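Colleague: A predicted structure for the sequence below; I have some questions about it.
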Amino acid sequence: MELQISKVSKAFKNNGQPHQVLKDLSFTVEEGAFVTLLGPSGCGKTTLLNIIGGFLKATEGEVRLSGTSVNRPGPERGFVFQDYALFPWLTVKENILYPLKQQKWPATERAKRLQQLLELAHMEGKENLYPSQISGGMKQRTAVIRALASMPKVLLMDEPLGALDQHLRHRLQEELEAIWIADRTTVLMVTHDVDEAVFLSDRVIVMSSRNGRIAGDINIDLPRPRGRDRGNKGYQAYKDQLTQLVYSSRTVENQVGAAAD
């Protein structure tokens with residue numbers, strides 16, 4: 001399913017005055033692609049993801065999934081939150097099965113899908129544990145496969161590894177890439193981490209710090225899996241290019257904002 005963002009704008013009220021977060025943002029995510037929104041904090045990445053997820057309404061513009069307008073949350077869009085959002089009173093198994101029960105999947109189909117997902121995330125034998133009994137990495141994997149449980153057309157991820165230390169984050173990036181390679185769901189991810197964007201993405205859209213304007217749209221032409229690529233010249237060149245784009249867009253936009261003020 002193709003995801004289309006067309007001239008999306010979003011403004012919030014701040015002390016009675018409109019505060020423009022996004023303005024006339026347009027791009028398309030092709031089916032099966034892993035696309036990342038990269039940019040500094042406050043540039044509107046998460047706001048846009050919440051609009052696509054149906055949790056916020058755009059002030060102007062439209063989001064369409066395979067030609068159908070998106071106005072509310074729906075099972076065709078899975079969502080992975082920054083803080084995992086697992087139900088602490090449910091086991092790993094019960095957390096994963098929760099969306100399938102909500103959608104009234106037959107018990108036999110739920111059991112089959114559960115086994116597929118546990119194998120995909122290497123979580124076999126952990127299904128009867130509670131979130132408090134598993135590591136941060138396992139919590140993250142559980143959150144990802146729960147979002148994939150009902151086979152959404154698009155997976156939306158908001159800083160899915162942001163709470164982890166660098167060593168664990170790198171390992172989870174590799175596991176997340178492996179899950180995506182096996183599943184090939186269309187993904188739109190938000191991050192402010194340049195290395196993470198290069199490692200996971202087919203394409204990186206850089207958003208500026210002023211109204212979320214697109215400062216760059218870069219295809220990442222590196223073979224997969226990328227576990228051994230972090231130190232090579234091609235990988236580093238993409239990091240340097242994206243780092244410069246993020247820095248330049250922030251600097252230019254701040255200068256524009258200061259001149260306007």
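Modeller: That came through fine.
Colleague: Just list what the helix or strand that contains V204 packs against, helices and strands only.
Modeller: Taking DSSP states H and E as the definition, V204 sits inside strand 203-207. Secondary-structure packing of strand 203-207 (3 or more C-beta pairs under 8 Å, 6 or more residues apart in numbering; DSSP states H and E): strand 34-38, strand 214-219, helix 233-260. (Glycine included, C-beta is placed from N, CA and C.)
Colleague: pLDDT below threshold where in the chain?
Modeller: For the chain, residues meeting the criterion pLDDT under 70 lie at 1, 163, 250-261.
Colleague: So which residues of it form strands?
Modeller: Taking DSSP state E to define them, one finds strands in the chain at 3-14, 17-29, 34-38, 60-65, 68-69, 77-80, 154-158, 186-191, 203-207, 214-219.
Colleague: Between those strands, which one is closest to T108.
Modeller: Among these, strand 77-80 comes nearest to T108, with 22.2 Å by C-beta to C-beta.
Colleague: Sheet partners, orientation included, of that closest one?
Modeller: Looking at strand 77-80 with DSSP bridges, its partner strands are strand 154-158 (parallel).
Colleague: what's in contact with stretch 220-235?
Modeller: 170, 174, 177-178, 181, 195, 198-199, 201-204, 238 (C-beta atoms under 8 Å, 6 or more residues apart in numbering).
Colleague: Provide the count of other residues in contact range of F87.
Modeller: Neighbour count for F87, taken as other C-beta atoms under 10 Å: 12.
Colleague: Setting the sequence-adjacent residues aside, check what's closest to it.
Modeller: Leaving out its chain neighbours, the residue that sits closest to F87 by C-beta to C-beta, 6 or more residues apart in numbering is N95, at 5.7 Å.
Colleague: Next up, the contacts around the one you found.
Modeller: So N95 contacts L86, F87, P131, T142, R146 (C-beta under 8 Å, 6+ apart).
Colleague: Please indicate which of the residues you listed are buried?
Modeller: Neighbour-count burial (16 or more other C-beta atoms under 10 Å) applied to the contacts of N95 gives L86, P131, T142, R146.
Colleague: How much space separates the closest residue in space to the last one that isn't next to it in sequence from E2?
Modeller: Sequence neighbours aside, I96 is the residue nearest to R146 in space, at 4.9 Å (criterion: C-beta to C-beta, 6+ apart). For I96, the distance to E2 under the criterion C-beta to C-beta, to the nearest Å works out to 28 Å.
Colleague: what do you get for V246?
Modeller: Using C-beta to C-beta, V246 is found at 27 Å from E2.
Colleague: Between the two, point out the one with more neighbours.
Modeller: V246 (23 against 16).
Colleague: Once you drop chain neighbours, what's closest to the more buried one?
Modeller: Closest residue to V246 apart from its sequence neighbours, by C-beta to C-beta, 6+ apart: V206 at 5.9 Å.
Colleague: Would you agree L25 is in contact with D217?
Modeller: No - judged on C-beta atoms under 8 Å, L25 makes no contact with D217 at a distance of 11.9 Å.
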